[in-house]
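> with the input below, show me the fold.
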Amino acid sequence: MILAAVAVYLSVASTYVENGEVNADEGFYAYASYAAMHGQIPYRDFAFTQMPLLPYLQGPIMSVVGFGIRQQRWINLGFSVLAVTIGMALWYRSRLHPLACGALLLVWCLCRPVVYYDTVGKTYAVSMLLLLAAGGCLSLTISPRLKLCLLSLFGVLVVGCRLTTAPSILILWLGLVVMHRKELSWVSLIGVPLLFTLILLGPFFYFSPSSFIFWNWSYHLQSVYEAHRWWILSKSFKMAPGVALLGLVGIGLLVAKRGTAGVAGGCLFLAGIIGWLFNVGSPGIYAEYGVPYLTLILVGSGLLLSQTSWSAIKLAAVCVGALALTPAGSTDEQIIGNKYLDLLDHTAAYIQSCTKPGDVVLTSMPEVALAANRPIFPGLEMGKFGLTAEMDDGAAEAKRIITFEQLISAVDHQSAPVIVLSNFHRWNFSWSVPSLKIFTTDFYQRFSKTLFQHYDCVGKNRYFLIFRVHDPNIKPIPLDIKDM
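Okay, the predicted model is just below:
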C-alpha cells in the first residue's frame, strides 16, 4: 500500500518539478544552502529571512546532486514522498479501511495548490515532513523517554526551519505530557526540548544575536501588510476544500467523543487545525501559509475516522465527499509555468559565455548567479529582498543587505559586467526592506535610468532580462524604460 501510494504521489507531483511556475522565494533559499555549505553562517555572513536550519538540511543533499532550483525542487519532492510514507504508515497502523486510505491519498495528491507549494523551493515540504514525524512519534510503542527525545528533535528541527510551526509543536508536546505525565518528570519534559534548542539553534544566535532577532522576528513584524484575516482565511478554505471538509468532520468527531478519542490522532489533528488558523488567520497575508498544516489535518482526520464505529459505506462517503471537493482547490497564482527551469538554464549558459569565473552578477534573482556558477553581488544574496531605503549604510551592512543608493552607485560605476533582472516588474528591486513598501515611480526610475545609461539589454525571454555594459560590437535589444 505504501509503495503504491508513493508511486501515485510521484506520478502527480513530479509534474510540478519541471513545470511549476517560479516562486519569488525559492532563489534565495537555494543560494542560502550554497552559502552555508561553503562555510558561511546565516545572519552573520548573509541575510536570511527564516530560521537557520533549512540550508543545513537540504544543503548536504545539494552538495551531492548540485545547487540549483531544479535540484531543490526534487529534494522537496523527496521530503513530500517521505511525508506520504509516514501518513500511510500511520493510517495502516490505525487500521483505517483501505478504501478510506485510498480516498484520502487522492485528496492529498489531487489538491493542486498543496502539491505545488510542497514542491517548489520553500520551507513547506520539510516543515510538513518534520511535523508529521513529530506527530507520528506519539503513536510509536517505544519508551516515553525515547519518544520525548524524538519529538524534541523533530520539533526543534521544524521550528528551526519555520518559526511559525511552534504552536503546532506545542500541541504535540502537550499530547506527550498527557500520555506520559506519570512516567516523565517535568525536568525531563522541559529540559530535553530546551537542550535540543540550545544545541541546534544556540550557535546561530551566538554568532549574531541582533541579526538573528531581526530576520526572524522584527523583520516579519514590520513587513506585515494590512491584515485581511477573514478574506485570506476564506481563500485558504477554497485552496483545499476537501481538507477543510475533513477538518469539520474531525472537529465533530472530537466533540462527539469528548475526550475519548485517541490522544495521538487527536493531537496530530489539533496541531494541524491550530497551525492552519494561526498561520493564515493571525497575519492575514497569504493563504499558502497554511500548506504545511493541511496534511496534518488530512492524516489526523484519517486517524480519527479509524476510531469510529461507522460502517465502511459511511466512512467511504465522508472520504469520497472530500475527494469530490478537492479538484475545486484553487489559488490566485498561476502554478503551472512555461518551462521556467529551461529558460533559467539558457540564461545561465549565456552568462557563463560572456563572463569570467570570478565576475559578479548583480541580480534580483539569486538562482541565476547560482545556475551560472558565478558569485552574486555582495549583499544581494536574497536578490529582490536584499535592498533597503530605510537604513543607512552601516545598518544595512550589519544586516548583510545593501541600500538603494549603493545599488545606484554599483550600476553607475559598472561594478558588475552583467545585470540580470526579472521580466516581472515588481520583482526588480521595487520594494524596500523591512517594510516591503513599494517605491514610488519617480524613486524607482532612478534605477532604470542609471541602468540604461551604462548597460544594454542583450537577452530577453519570458522570465529574464540580461544587461551588459555598453559595447558597440553588440547590438542591443530594444527595450522601453517604461518596461522596467
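
> which SSE is immediately downstream of the helix or strand of the chain with the lowest mean pLDDT?
The helix or strand of the chain with the poorest confidence is helix 312-325; it has a mean of 70 (mean pLDDT, DSSP states H and E). Tracing the chain C-terminally past helix 312-325 and defining elements by DSSP states H and E, one meets helix 340-354 next.

> can you tell me what sits against that next one?
18, 20-22, 69-70, 361, 367-368, 371-374, 417-418, 420, 459, 461-464, 466, 468 (CB atoms under 8 Å, 6 or more residues apart in numbering). All C-beta atoms are positioned from the backbone trio N, CA, C, and that covers glycine.

> quick one: average pLDDT of it?
On average, the pLDDT along helix 340-354 is 94.

> buried residues in that helix?
Within helix 340-354, the residues that qualify as buried are Tyr340, Leu341, Leu343, Leu344, Asp345, His346, Thr347, Ala348, Tyr350, Ile351, counting by 16 or more other CB atoms under 10 Å.

> do stretch 87-106 as well
87-91, 94, 96-97, 100-106.

> and it, average pLDDT?
pLDDT averaged over stretch 87-106 gives 89.

> go on, stretch 234-249?
The model assigns stretch 234-249 a mean pLDDT of 86.

> CA atoms of it as PDB?
Output of stretch 234-249 as PDB, limited to C-alpha atoms (Å, rounded to 0.1, in the frame of the first residue of the first chain):
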ATOM      1  CA  SER A 234     -11.700  32.100   3.300                       C
ATOM      2  CA  LYS A 235      -9.100  31.900   0.400                       C
ATOM      3  CA  SER A 236      -7.300  29.100   2.300                       C
ATOM      4  CA  PHE A 237     -10.500  27.100   2.600                       C
ATOM      5  CA  LYS A 238     -11.000  27.500  -1.200                       C
ATOM      6  CA  MET A 239      -7.400  26.400  -1.800                       C
ATOM      7  CA  ALA A 240      -8.100  23.000  -0.100                       C
ATOM      8  CA  PRO A 241     -11.900  22.500   0.200                       C
ATOM      9  CA  GLY A 242     -11.600  18.700   0.600                       C
ATOM     10  CA  VAL A 243      -9.200  19.100   3.600                       C
ATOM     11  CA  ALA A 244     -11.500  21.800   5.000                       C
ATOM     12  CA  LEU A 245     -14.400  19.300   5.000                       C
ATOM     13  CA  LEU A 246     -12.200  16.700   6.700                       C
ATOM     14  CA  GLY A 247     -11.400  19.400   9.300                       C
ATOM     15  CA  LEU A 248     -15.100  19.900  10.000                       C
ATOM     16  CA  VAL A 249     -15.700  16.200  10.300                       C
END
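
> contacts for it, please.
Contacts to stretch 234-249, defined as CB under 8 Å, 6+ apart, come from residues 104, 107, 111, 113-114, 272-273, 276, 280, 287-290, 294, 297-298, 301, 305, 318, 321-326, 328-332.

> now list the buried members of these.
Applying 16+ other CB under 10 Å to the contacts of stretch 234-249 flags 104, 107, 111, 113-114, 272-273, 276, 280, 287-290, 294, 297-298, 301, 305, 318, 321-323, 325-326, 329, 331 as buried.

> sorry, back to before: and which of the buried residues of helix 340-354 is nearest to Pro144?
Lowest distance from Pro144 to the buried residues of helix 340-354 (CB to CB) belongs to Leu341, with 46.6 Å.

> state the distance from the closest one to Val418.
20 Å (CB to CB, to the nearest Å).

> figure out the helix or strand that Gly252 lives in.
Secondary-structure assignment from DSSP H and E places Gly252 in helix 241-257.

> just put the buried residues of helix 340-354 in TSV and tack on distance to Leu233.
TSV is the format used below for these (distance: CB to CB, whole Å):
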residue	distance to Leu233
Tyr340	30
Leu341	33
Leu343	35
Leu344	34
Asp345	39
His346	40
Thr347	38
Ala348	40
Tyr350	44
Ile351	43
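
> still on that earlier bit, how far off helix 241-257 does the next helix or strand after the helix holding Gly252 point, in degrees?
The C-terminal neighbour of helix 241-257 among helices and strands, as given by DSSP H and E, is helix 263-276. With axes from the mean of the first three to the mean of the last three CA atoms, to 10 degrees defining the directions, helix 263-276 sits at 130 degrees from helix 241-257.

> hmm, who's touching helix 263-276?
With contacts defined as CB under 8 Å, 6+ apart, helix 263-276 is touched by 90, 94, 131-132, 135-136, 138-139, 164-165, 167-169, 171-172, 174-175, 178-179, 236, 247, 250-251, 254, 290, 292-301, 303-304, 306-307.

> filter those residues down to the ones in helices?
90, 131-132, 135-136, 167-169, 171-172, 174-175, 178-179, 236, 247, 250-251, 254, 292-301, 303-304 (DSSP state H).

> make a ChimeraX selection of the buried ones in those residues.
Listed next is the ChimeraX selection for buried residues among the ones in helices among the contacts of helix 263-276, using 16+ other CB under 10 Å:
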select :90,131,132,135,136,168,169,171,172,175,179,236,247,250,251,254,292,293,294,295,296,297,298,299,300,301,303,304
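
> any buried residues in stretch 426-438, and which?
Buried residues in stretch 426-438 (16+ other CB under 10 Å): Trp427, Asn428, Phe429, Ser430, Trp431, Ser432, Val433, Pro434.
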